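*Asks:* sequence first, then the predicted structure, then my questions.
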Amino acid sequence: MTEQTITIKNRAGIHARPAALLVQTTKDFKSSIYFEKDNDRINAKSIMGIITLGAAYGTVIRIIAEGEDEKAAVETLVRLFESKFEEE
């Protein structure tokens, strides 16, 4: 299992466009991938799960991946969060 904690840096948080981008990105990996916020854990391959997570600016999220490409999955997602979903 590979995991990393990140903070949402884009001002709009995770809304429909970033959620779709996250799902599109996670679909490329064979690993099971989850996002955790507080005590909620959602499947990162589910757009409804991501949107209902309610991740606003400054929210701390833990990315968790388990499987054969877990490290690459977490690294790719961290880069996506760090780039503010290319919105700013």
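*Replies:* On my side now, so go ahead. Numbering: from 1, shown residues only.

*Asks:* low-confidence ranges in this protein?
*Replies:* Of all residues in the chain, those with pLDDT under 70 make up the ranges 88.

*Asks:* longest helix in it, please.
*Replies:* helix 70-82 (DSSP state H).

*Asks:* and that helix, what does it pack against?
*Replies:* Helices and strands touching helix 70-82, by 3 or more CB pairs under 8 Å, 6 or more residues apart in numbering; DSSP states H and E, are strand 2-7, helix 16-26, strand 60-66. C-beta coordinates here come from the backbone N, C-alpha and C atoms, glycine included.

*Asks:* relative to E87, how far out is A16?
*Replies:* Look at A16 and E87: by CB to CB, to the nearest Å, they are 12 Å apart.

*Asks:* endpoints of stretch 19-35, how far apart?
*Replies:* End-to-end distance of stretch 19-35: 12 Å, with CA to CA, to the nearest Å as the criterion.

*Asks:* what's the longest helix of the chain in contact with?
*Replies:* Helix 70-82 has contacts (CB atoms under 8 Å, 6 or more residues apart in numbering) with 1-4, 6, 8-9, 21-22, 25-26, 29, 31, 33, 44, 61, 63, 65, 67.

*Asks:* now that helix and strand 60-66, what's the angle there?
*Replies:* Orientation check (axes from the mean of the first three to the mean of the last three CA atoms, to 10 degrees): helix 70-82 against strand 60-66 gives 160 degrees.
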